[in-house]
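J.: the following comprises the amino acid sequence and a computationally predicted model.
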Amino acid sequence: MTSPFARHLNTNYVPSEDEIPAVRNVVRNGDYALDDIDQKTLEIEQRMEEDRQESERKKEEIGQELLALAEQAQKKEVDEHKALLSLIKGVGVDVLASIFLSVLDVVDDGDLKFRLSRRHPAVVISHVCQRWRELALSNKLLWIPSPRVVPHWKGRSMHLAQAAFLRSQSFIGYSR
């Protein structure tokens, strides 16, 4: 701001009665300019606060997303380890084969909808997991049409399954 009184600033100069209104006008214009600067400063500070709040909100969102991803990864890892302790994993191959054959006995052989279709128990069993698939595919008795020859140990299948279940429970108890 250029003032006609600039040369008198920081001196002992006393303005005349005629100069006082001009000095007051310079002061008033300077106050308006200060008010304008204060208003712009306030607006900038408000925008900065809004930006800071938005930044904090985004940080919180990102933090929540990261926590959700970490939770998913941890849950997956825990679930995978729990699967290692699954009781069915402790059931022996012979007991599983007997159970598979018992499932076929429950199905009505006269029902054509189960004859080697995707709903046939042997097909369903073979799609559970790799272990069951290998066992189902290697057990020819699952795939031959009726009448099939059932091994002599078929009657003991439920007893064997129950024993395997109890054995796997005790195994799980020791592994904890």
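T.: Received it, and whenever you're ready, just let me know what you need. Nothing here was measured: the structure is a model prediction, and the numbers come from that model. Numbering: from 1, shown residues only.
J.: ranges for the helices of the chain?
T.: With helices called from DSSP state H, the chain shows them at 20-84, 93-106, 121-126, 130-138, 157-175.
J.: in a markdown table: those helices, plus distance to H8 and mean neighbour count.
T.: Quick note: C-beta positions are derived from backbone N, CA and C, even for glycine. Converted to a markdown table, the helices of the chain look like this (distance: least, CB to CB, whole Å; neighbours: other CB atoms under 10 Å):
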| stretch | distance to H8 | mean neighbour count |
| --- | --- | --- |
| helix 20-84 | 9 | 10 |
| helix 93-106 | 107 | 17 |
| helix 121-126 | 103 | 18 |
| helix 130-138 | 98 | 14 |
| helix 157-175 | 95 | 14 |
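J.: T2: which of those is closest?
T.: T2 lies closest to helix 20-84 among the helices of the chain, at 9.7 Å (CB to CB).
J.: any idea how far the closest residue to A97 other than its chain neighbours lies from A122?
T.: In this structure, A97 finds its nearest non-sequential neighbour in N139, 5.4 Å apart by CB to CB, 6 or more residues apart in numbering. For N139, the distance to A122 equals 8 Å [CB to CB, to the nearest Å].
J.: which residues do these two both contact?
T.: Taking CB atoms under 8 Å, 6 or more residues apart in numbering as the criterion, N139 and A122 both touch F100.
J.: pLDDT weak spots in the chain?
T.: For the chain, the stretches flagged by pLDDT under 70 are 1, 105-118, 145-176.
J.: which residue is nearest the centroid of it?
T.: Closest to where the C-alpha atoms of the chain average out (CA atoms, centre = their mean) is Q72, at 3.7 Å.
J.: that one and L34: what is the separation?
T.: Q72 is 56 Å from L34, by CB to CB.
J.: ok, now L85?
T.: 75 Å.
J.: same question, L135
T.: In terms of CB to CB, L135 sits 89 Å off from L34.
J.: and what of E60?
T.: According to CB to CB, E60 stands 38 Å off from L34.
J.: ok, now Q53?
T.: Q53 sits 28 Å away from L34, going by CB to CB.
J.: now do D79
T.: Counting by CB to CB - D79 and L34 are separated by 66 Å.
J.: what's the answer for V124, then?
T.: On the measure of CB to CB, V124 and L34 end up 84 Å apart.
J.: same check on F100?
T.: When F100 is compared with L34 (using CB to CB), they lie 91 Å apart.
J.: and the residue nearest to V93 when sequence neighbours are not counted, what is it in contact with?
T.: Nearest residue to V93 in three dimensions, chain neighbours excluded: L135, at 6.1 Å (CB to CB, 6+ apart). L135 makes contact with V93, L96, A97, F100, according to CB under 8 Å, 6+ apart.
J.: of these, which is the nearest to E43?
T.: Once CB to CB is applied, the member of the contacts of L135 that ends up nearest E43 is L96, at 75.1 Å.
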